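Trainee: Dropping the sequence and predicted coords here.
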Amino acid sequence: MESLLISSSSSLTTSPIFSSSKHALTPKPQSLSFNSNARLVLFTCAAQQMNSPPSTAATTAEKEVKLWGGRFEESVTDAVEKFTESISFDKALYKQDIMGSKAHASMLAKQGLMSDSDRDTIIKGLEEIERQIEAGKFVWRTDREDVHMNIEAALTDLVGEPAKKLHTARSRNDQVATDFRLWCRDAIDGIISRIKNLQIAMVELALQNEGLIVPGYTHLQRAQPVLLQHLLLAYVEQLERDAGRLLDCRARVNFCPLGACALAGTGLPIDRFMTSDALGFTAPMRNSIDAVSDRDFVLELLSANSITAVHLSRLGEEWVLWASEEFGFLTPSDKVSTGSSIMPQKKNPDPMELVRGKSARVIGDLVSLLVLCKGLPHAYNRDLQEDKEPVFDSVKAIVGMLEVSAEFAQNVSFNRERIEKALPAGHLDATTLADYLVKKGIPFRTSHDIVGRSVALCVSRNCELQDLSLDELNSLHPIFDKDVYEYLGVENSIKKFRSYGSTGSECVAGQLDYWIDKLSISRER
């Protein structure tokens with residue numbers, strides 16, 4: 001099966017699952033500021049990263065005794081073994097599992113629960129297993145159930161007796177919770193990097209379109225004129241909140257379950273703070289039952305992904321509309337367009353349609369996990385084996401959506417001539433005219449009525465507000481004067497916006513300056 005890597009560029013890839021990197025051991029600052037030169041987290045697709053599917057060879061011969069098989073007299077049936085295995089997807093956690101085991105072995109040795117020699121043997125064995133996995137030579141076995149048992153059994157095969165000490169003061173319950181938190185931590189870092197890439201692409205697109213006025217819409221009806229830069233920066237702001245939610249989530253993810261064991265902790269003299277520090281966590285989790293039984297941290301991650309997906313879906317919807325012949329405001333390049341198998345003339349903005357479509361699966365992943373968790377008693381339940389695939393799928397989808405949205409933003413142009421021809425329709429300057437009357441001392445509700453009647457007159461005459469003569473305006477109210485024409489027309493209307501955050505040129509320039517500095521974008525263009 002093919003192996004895929006998501007690079008720091010904006011190319012679309014399909015790799016869902018994050019392998020842990022060395023810098024994941026260092027706690028990340030909880031800040032919304034980004035370093036544009038920061039190394040991006042390596043992403044690898046779990047199902048594709050391995051060169052072969054899990055082996056079932058052991059089930060056709062004499063079955064291997066389970067590591068937990070001491071009290072059992074019979075083996076599980078093939079159907080049960082196939083139904084309960086998770087190695088087909090949780091092997092994605094192999095790096096995190098090996099990291100956790102190395103930290104655990106070091107702690108056990110320090111606490112006198114194994115010798116330094118056994119610790120060194122275990123760590124060397126784990127490193128060899130990691131090399132085999134990354135070289136595609138490791139055989140994943142379904143009869144060994146999951147990533148934890150596969151690695152532990154392989155370690156026992158490799159180094160013998162010392163490996164049997166590794167699971168001292170550890171359960172798969174705290175082991176998988178630790179692995180999953182490490183994986184989610186890396187996933188969050190990678191998603192935030194992609195959010196930043198898209199923010200940069202949107203700001204650069206805004207810089208390329210200085211001064212371009214477009215119709216602003218409410219209810220998908222023409223409302224007021226806005227600068228295109230202002231509209232693009234609205235998405236940048238939303239993406240910043242998306243990144244902030246992920247950083248908030250990361251702060252809660254970053255607590256260590258290791259040492260909680262099955263649910264009650266242990267009477268052995270372990271040092272949970274040592275393993276927590278070694279793995280870059282903020283601290284051990286305070287309550288051992290909570291540590292193994294809750295998945296709120298992945299619910300929070302999937303919730304953040306879902307909100308991001310909704311923002312990206314809205315962007316996709318807007319750009320798909322704008323690329324239509326009916327709008328004609330936006331033209332995607334051939335690099336980000338596809339054709340039709342039957343209609344030779346077609347040029348479709350498929351990437352953004354799929355961004356819109358994939359938001360559904362991201363939202364669905366969240367709902368699946370919410371339903372999975374809603375009826376579980378404390379502490380661990382096997383239902384939680386089903387928590388990983390929705391998370392892996394959500395992360396894969398949101399990464400792809402962010403990547404292709406940035407790619408699309410780098411390969412579109414706006415049709416100034418078409419937009420300028422479309423601007424006069426819709427009386428976009430009507431609200432500015434109402435503001436003019438307010439400045440003359442007319443109450444806003446009265447102004448609203450006067451301008452409404454002005455628009456009705458224009459509709460009857462098939463003209464725009466700026467086409468009305470002063471006499472015609474005075475027939476509606478005598479307060480109109482020659483200076484009214486300084487407020488009419490979209491160009492004049494834009495000049496009148498001055499409130500903080502508005503679409504006025506000076507306001508938008510200030511917003512651009514903020515994002516150029518925050519995202520470390522070069523001002524040399």
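Mentor: That came through fine.

Trainee: so L126 sits right up against I151, yeah?
Mentor: Yes: using Cβ atoms under 8 Å, L126 is in contact with I151, at 7.4 Å. C-beta here means a position set from N, CA and C on the backbone, and glycine is covered the same way.

Trainee: where do the contact lists of the two overlap?
Mentor: By Cβ atoms under 8 Å, 6 or more residues apart in numbering, L126 and I151 have these common neighbours: I98, S101.

Trainee: Pretty sure C261 sits in a helix.
Mentor: No: according to DSSP: H, G, I helix; E, B strand; the rest coil, C261 belongs to no helix; its state is coil.

Trainee: Would you quantify the distance from the closest residue to it other than its chain neighbours to K124?
Mentor: Distances taken as Cβ to Cβ, 6 or more residues apart in numbering place S171 nearest to C261, at 4.6 Å, with adjacent residues excluded. S171 is 25 Å from K124, where distance means Cβ to Cβ, to the nearest Å.

Trainee: Buried residues in stretch 283-296, which are they?
Mentor: Applying a neighbour-count criterion of 16 or more other Cβ atoms under 10 Å, the buried positions in stretch 283-296 are P284, M285, S288, I289, D290, A291, V292, S293, D294, R295.

Trainee: just how off-centre is that stretch within its chain?
Mentor: A distance of 25 Å separates the centroid of the chain from that of stretch 283-296, by Cα atoms, centre = their mean, to the nearest Å.

Trainee: Restrict it to CA atoms and write it as PDB.
Mentor: C-alpha atoms of stretch 283-296 as PDB (Å, rounded to 0.1, in the frame of the first residue of the first chain):
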ATOM      1  CA  ALA A 283       1.700  16.800  35.000                       C
ATOM      2  CA  PRO A 284       0.200  13.400  35.800                       C
ATOM      3  CA  MET A 285      -3.600  13.200  35.900                       C
ATOM      4  CA  ARG A 286      -4.800  13.500  39.500                       C
ATOM      5  CA  ASN A 287      -7.500  10.800  39.500                       C
ATOM      6  CA  SER A 288      -6.700   7.300  38.200                       C
ATOM      7  CA  ILE A 289     -10.300   6.500  37.400                       C
ATOM      8  CA  ASP A 290     -10.700   9.700  35.400                       C
ATOM      9  CA  ALA A 291      -7.400   9.000  33.700                       C
ATOM     10  CA  VAL A 292      -8.400   5.800  32.000                       C
ATOM     11  CA  SER A 293     -12.200   6.300  31.500                       C
ATOM     12  CA  ASP A 294     -12.800   9.600  29.900                       C
ATOM     13  CA  ARG A 295     -12.300  10.600  26.300                       C
ATOM     14  CA  ASP A 296     -13.400  14.200  26.600                       C
END
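
Trainee: pLDDT of that stretch, averaged?
Mentor: When pLDDT is averaged over stretch 283-296, the result is 93.

Trainee: Which SSE is immediately downstream of the lengthiest helix in the chain?
Mentor: As assigned by DSSP state H, the longest helix anywhere in the chain is helix 172-207. Using DSSP states H and E, the helix or strand that follows helix 172-207 towards the C-terminus is strand 213-218.

Trainee: Who has more neighbours out of S171 and K124?
Mentor: S171 (21 against 12; other Cβ atoms under 10 Å).

Trainee: Spit out the contact partners of the more buried one.
Mentor: A260, C261, A262, L263, V292.

Trainee: how close does the residue nearest to the fourth one when sequence neighbours are not counted sit to A201?
Mentor: Which is L263. Nearest non-adjacent residue to L263, counting by Cβ to Cβ, 6+ apart: A379, 3.8 Å away. Look at A379 and A201: by Cβ to Cβ, they are 45 Å apart.

Trainee: So which of those two has more stuff around it?
Mentor: The neighbour count for A379 versus A201, taken as other Cβ under 10 Å, is higher for A201 (21 against 17).

Trainee: pLDDT score assigned to the closest residue to I363 other than its chain neighbours?
Mentor: Spatial nearest neighbour of I363, excluding adjacent residues (Cβ to Cβ, 6+ apart): S306 at 4.9 Å. As predicted, S306 sits at a pLDDT of 98.

Trainee: S306 in helix, strand or coil?
Mentor: Once three-state DSSP is applied, S306 turns out helix.

Trainee: Could you tell me how far it is located from P344?
Mentor: According to Cβ to Cβ, S306 and P344 sit 39 Å apart.

Trainee: tell me which element the residue of the chain positioned farthest from its centre falls in.
Mentor: Here the chain reaches farthest from its C-alpha mean at D471, the gap being 57.1 Å by Cα atoms, centre = their mean. D471 belongs to helix 470-474 when assigned by DSSP H and E.

Trainee: Off-centre distance for that helix?
Mentor: Distance of helix 470-474 from the chain centroid (Cα atoms, centre = their mean) equals 55 Å.

Trainee: Contacts for it, please.
Mentor: Contacts with helix 470-474, where a contact means Cβ under 8 Å, 6+ apart, come from S454, L457, F480, D481, K482, V484.

Trainee: Give me the domain ranges for the protein.
Mentor: 17-56+79-165, 173-408, 422-518 (automatic domain parsing).

Trainee: In JSON lines, list those domains along with distance to N415.
Mentor: As requested, the domains of the chain are exported to JSON lines (distance: least, Cβ to Cβ, whole Å):
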{"stretch": "domain 17-56+79-165", "distance to N415": "31"}
{"stretch": "domain 173-408", "distance to N415": "6"}
{"stretch": "domain 422-518", "distance to N415": "10"}
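
Trainee: For R416, which of the ones you listed is the nearest?
Mentor: Smallest distance to R416 across these (Cβ to Cβ): 6.2 Å, for domain 173-408.

Trainee: Distance of A135 relative to L108?
Mentor: Taken as Cβ to Cβ, the spacing of A135 relative to L108 amounts to 28 Å.

Trainee: More neighbours: the two, which one.
Mentor: L108 (27 against 9).

Trainee: Which parts of the chain are strands?
Mentor: Along the chain, counting by DSSP state E, strands occupy 17-18, 43-44, 213-218, 221-227, 255-256, 283-284, 330-332, 412-414.

Trainee: quick one: the third one to chain centroid distance?
Mentor: It stands for strand 213-218. Centroid separation between strand 213-218 and its chain, computed with Cα atoms, centre = their mean, is 28 Å.

Trainee: list the helices and strands it packs on?
Mentor: Identification of packing neighbours for strand 213-218 by 3 or more Cβ pairs under 8 Å, 6 or more residues apart in numbering; DSSP states H and E yields strand 221-227, helix 228-253, helix 416-422, helix 490-495.

Trainee: can I get the CA coordinates of it in CSV?
Mentor: Provided in CSV are the C-alpha atoms of strand 213-218 (Å, rounded to 0.1, in the frame of the first residue of the first chain):
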residue,chain,number,x,y,z
ILE,A,213,-14.9,46.5,-4.0
VAL,A,214,-17.3,43.6,-4.1
PRO,A,215,-21.0,43.3,-3.2
GLY,A,216,-21.5,42.2,0.4
TYR,A,217,-24.5,39.9,0.9
THR,A,218,-27.0,39.1,3.6
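
Trainee: Tell me the buried residues in it?
Mentor: Residues of strand 213-218 classed as buried: I213, V214, P215 (neighbour count, 16+ other Cβ under 10 Å).

Trainee: ok, what's across the strand from the last one?
Mentor: P215 has the following beta-bridge partners by DSSP bridges: P225.
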